[in-house]
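>>> Here is my input; please provide its structure:
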Amino acid sequence: MGKSMDQGSNPCVPTFKVDFMNTSNFTTVSKLVRPENLNHHGTLFAGVTSMWFVESSFIEASRVYGDPSKIVCIKVHGMKFIRPGNNGDILEIKSILAHVGKTSLTIYTKIYLRNTNDQLVDGFVTFVTIDENGKSMPHGIKYEKPSEGEGLTLWNEVERLKHSDTQTKMN
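Next up, the predicted model:
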């Protein structure tokens, strides 16, 4: 998996392409863009898109960890809007585990048009596991850093994002 650039996009912002068809370990959510999801420009509202993005990421984190009541979102990072969605579009939202820390799970998510595979959004969401008092706790998930391919590229991008962020500590 390499970085690729969408035509006309900012060359400083990488777009990650993941072949989700090569693994069964991901979450897929489908959404229909309806008139109530549109902004004043007549395209898919970023707030709705963000909600769907985080929701799909949460479902994937819950699939990996197993107990959604012990997972909270701490950071949406590297989220890029690549192209707008339009009324009537059917979107596929795919999420996959990209990185594991002691208490954190970082999920890579992308949103694309189902019929053309044109990518609309991609980025990462980090969750931590919490105890009954709301304090972060180790999740106990064993996940080794990938040694090659798209898994390694996503892992390294999360590491880059982690080190560029001075406000949120991810364990």
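>>> CA only for contacts and neighbour counts going forward, please
OK.
>>> Report all helices and strands that the helix or strand encompassing Lys31 contacts.
For Lys31, the host element (DSSP states H and E) is strand 27-32. Packing contacts for strand 27-32, counted by 3 or more Cα pairs under 8 Å, 6 or more residues apart in numbering; DSSP states H and E, involve helix 46-65, strand 90-100.
>>> Export the ones you listed to CSV and append columns for mean neighbour count.
CSV is the format used below for the helices and strands packed on strand 27-32 (neighbours: other Cα atoms under 10 Å):
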stretch, mean neighbour count
helix 46-65, 20
strand 90-100, 24
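>>> With mean pLDDT as added columns, please give those in CSV.
Converted to CSV, those look like this (pLDDT from 0 to 100):
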stretch, mean pLDDT
helix 46-65, 96
strand 90-100, 95
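>>> Give me the buried stretch members for the host helix or strand of Asn156, please.
For Asn156, the host element (DSSP H and E) is helix 149-164. The neighbour-count check on helix 149-164 (16 or more other Cα atoms under 10 Å) flags 150-158, 162 as buried.
>>> still on that earlier bit, how about the helices and strands packed on strand 27-32 in JSON lines, adding distance to Glu144?
Formatted as JSON lines, those follow (distance: least, Cα to Cα, whole Å):
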{"stretch": "helix 46-65", "distance to Glu144": "14"}
{"stretch": "strand 90-100", "distance to Glu144": "8"}
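>>> Can you tell me the centre-most residue of this protein?
Residue closest to the mean C-alpha point of the chain, counted by Cα atoms, centre = their mean, is Thr109 at 2.6 Å.
>>> That one sits in which helix or strand?
With DSSP H and E as the test, Thr109 turns up in strand 104-113.
>>> looking just at contacts, which helices and strands does that strand meet?
Using 3+ Cα pairs under 8 Å, 6+ apart: strand 104-113 touches helix 46-65, strand 90-100, strand 119-129.
>>> Point out where the chain drops to low pLDDT.
1-24, 165-171 (pLDDT under 70).
>>> Now do the strand holding Thr109 against strand 90-100, angle only.
160 degrees (axes from the mean of the first three to the mean of the last three Cα atoms, to 10 degrees).
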